[in-house]
Structures are given as structure tokens and as C-alpha cells.
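Asker: Everything below, folded, please.
(2 chains)
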Amino acid sequence: KAGVTQTPRYLIKTRGQQVTLSCSPISGHRSVSWYQQTPGQGLQFLFEYFSETQRNKGNFPGRFSGRQFSNSRSEMNVSTLELGDSALYLCASRESSGPEETQYFGPGTRLLVL
Amino acid sequence: AQSVTQLGSHVSVSEGALVLLRCNYSSSVPPYLFWYVQYPNQGLQLLLKYTTGATLVKGINGFEAEFKKSETSFHLTKPSAHMSDAAEYFCAVKNQAGTALIFGKGTTLSVSS
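Answerer: I've put the predicted structure just below:
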């Protein structure tokens, strides 16, 4: 099976703009999670979607939002970009909602905000 | 609340030496524990996980970890380091709801010849 894919891989934006990142999970996986990775804060959970419903959300401002489509593909959006939003954004998918299920990560989208 | 502490942000070993990366966790429920590896400019790859059952868990690339409840630890080991093991390693615990991973700060492993 193909792994988790994320597009685009690299992105440069300026402050105040908005950005949309895309994630395609492994075929058959219904859960998609998003994480932000920065040198200062490390890996932090943004939100999880399962069967098009947001199940959990991390401690991020409302500028960060997401959605999941009926084919399990997911997008996350960041509005009014700030310099501190520069990060590697990782998407992960898993087959079901069980806590023991392994999350498989994509290669990430590296966002640079100027 | 769940949390993870990785002792040592940087570990250096010689090729062929034992690798030991330390992870301690805090959890209010029986933990689900994971070790992931990240190579430069890549995502995270699962090395191994502990859910229930056997406390010694074997993973890929010769790595293993032992779940010790009394010590709240889940240290990662490999008997003999290879140059290709140089990467960043993350220990993680599932949150109480089982919906998200809580990661440690990571340990960068350097391997010298």
C-alpha cells in the first residue's frame, strides 16, 4: 500500500496570508491526525479526524482548522499566518480509532512564514 | 495528564557500541507507548510499540524496548550501533482519550566510526 502523502512538501508564505495543507491517508485508514513540529516546542498535536468528524483538538488558536472528506483525505488550514507558524506539519493516519493502533506518518509539509 | 521525558537531548556512541535512549512517562491510565525515528527531512517511522502483554518489545532494525511499570520507563536499546542509526528518536505515549500522541522532546543519536 502507498504510504501517507502530503502536499505540498514545501511552502513559503508571508505574514497575514492563509495556507491550506493536504493529506492523503493510507488506503483504508479512516483516522487522520495533524501535528506541528518546531525546534522550540517539539511535536505538538493539532487535531484528529475520524469519519469526517473532529474527535480531538490540541491547544492551538482558532486560526488552525481542519476538515476531512468522505474519502478520508484531510486538509488543514491556517489563517492569518504568523512568523511562529513556521514549522513542519505532519499528518498521520491509522486504520481505526483504537488507542493501540499505530499512527503512520507522512513526510510532512515544511512551511516557512516570512 | 500524560507526559513523556526523554533524558539526554543528544547521545553519541561509536559504531558497534550499545545504544541506550532513555524515556520515562507519566500516565493516569495503563499506557500505550511508542518509539519513533525521524531521519533528516523525513516524517516519523515507527520503531516499536507497547500496548499490553509482553513487557519486552522487539522492533525494526534490531531495536527493542522494555516496559517497566515500577520505574515508569520505556528505554530503547540496540546491542550494536550502525552508522545508519544516526537520527532523532522520539518516545511517545497516547493521551488519556487514546486519540493523540504526546511526544518527548526527542534524542539525537550520533554514531561515529
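Asker: what does chain B put close to chain A?
Answerer: When proximity is defined as CB under 8 Å from any CB of the partner chain, chain B approaches chain A at B:32, B:34, B:36, B:41-46, B:49, B:51-52, B:90, B:92, B:94-95, B:97-106. Where you see a C-beta, it was placed from the backbone N, CA and C, and this is true even at glycine.
Asker: Which among these count as buried?
Answerer: B:32, B:34, B:36, B:43-46, B:49, B:51, B:90, B:92, B:94-95, B:99-104, B:106 (16 or more other CB atoms under 10 Å in any protein chain shown).
Asker: Filter the residues you listed down to the ones in strands?
Answerer: Among these, DSSP state E puts B:34, B:36, B:44-46, B:49, B:90, B:92, B:94, B:101-103 in strands.
Asker: can you redo those residues as a markdown table with pLDDT?
Answerer: What follows is those, written out as a markdown table (pLDDT from 0 to 100):
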| residue | pLDDT |
| --- | --- |
| B:34 | 96 |
| B:36 | 98 |
| B:44 | 95 |
| B:45 | 96 |
| B:46 | 96 |
| B:49 | 95 |
| B:90 | 98 |
| B:92 | 96 |
| B:94 | 92 |
| B:101 | 94 |
| B:102 | 95 |
| B:103 | 97 |
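Asker: Please give the element, helix or strand, for the residue nearest to residue B:77 when sequence neighbours are not counted.
Answerer: Nearest residue to residue B:77 in three dimensions, chain neighbours excluded: residue B:20, at 5.4 Å (CB to CB, 6 or more residues apart in numbering or on different chains). Assigned by DSSP states H and E, residue B:20 falls within strand B:19-26.
Asker: same for that strand, what does it pack against?
Answerer: Judged by 3 or more CB pairs under 8 Å, 6 or more residues apart in numbering or on different chains; DSSP states H and E, strand B:19-26 is in contact with strand B:3-7, strand B:10-14, strand B:33-38, strand B:73-78, strand B:87-94, strand B:107-112.
Asker: Take those and write them to a markdown table, including distance to residue A:38.
Answerer: Shown next, in a markdown table, are those (distance: least, CB to CB, whole Å):
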| stretch | distance to residue A:38 |
| --- | --- |
| strand B:3-7 | 17 |
| strand B:10-14 | 18 |
| strand B:33-38 | 14 |
| strand B:73-78 | 23 |
| strand B:87-94 | 13 |
| strand B:107-112 | 16 |
